[in-house]
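[1] Pasted the sequence and its predicted model underneath.
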Amino acid sequence: MQVRILKCKLNFPPYLTNEARNLIKKLLKKNPEERLGGGKDDSRPIKHLKRNSLERNDATPIKQHPFFRHINWKDLADRKIEPPFRPNISGDEDVSHFDSKFTRQTPVDSPDDTILSDSANELFLGFTYVAPSVFTELLKSKSPRRQLMAGFRGPTR
């Protein structure tokens, strides 16, 4: 997607409204600082809406775009607006509305690769258990933790 944003010319299908085209163009600006919601210029409210203050890095500039002029954001946040589509699902794990391209994939656990601060590490003093699957993945990876785990032989039985 990043390469397409940087290299390709935008071609819109004829059925898109001018507001939709404008929104997409502003979201896909090549320079991230110029993108709607991503730069310093977004600290100004859009002229047609009144706003006393605007926090940088929030969704307000996007919400104020004319494409969304018919949305009452407070009612939406308060869940007073009926969704245009409510899927019928059979339970919490029903994935029938997802493309099988994704649901056929084997889930991969991706361990956190960040290094804890010394103070956070103190919370785990004496804790030596590592799940075998995580241990195996860490040994295969080029993780900074790999060196820490190199001497560990796995859980003892």
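    Received the coordinates, thanks.

[2] tally of neighbours for Pro132?
    Neighbour count for Pro132, taken as other CB atoms under 10 Å: 10. In this view, the C-beta of every residue, glycine as well, is placed from N, C-alpha and C.

[3] do you know how far it is from Leu138?
    From Pro132 over to Leu138 the distance is 11 Å, taken as CB to CB, to the nearest Å.

[4] Phi first, then psi, for Arg21.
    Dihedral pair for Arg21: phi -60, psi -40, per degrees, to the nearest 10.

[5] So which residues of this protein form helices?
    2-7, 18-27, 60-63, 73-77, 100-103, 118-122, 132-140, 145-149 (DSSP state H).

[6] Adding mean pLDDT, write the ones you listed out as TSV.
    Listed next are the helices of the chain as TSV, based on pLDDT from 0 to 100:
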stretch	mean pLDDT
helix 2-7	73
helix 18-27	94
helix 60-63	93
helix 73-77	95
helix 100-103	92
helix 118-122	81
helix 132-140	76
helix 145-149	55
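
[7] Among those, which comes closest to Asp94?
    Taking CB to CB, helix 100-103 is the member of these nearest to Asp94, at 10.6 Å.
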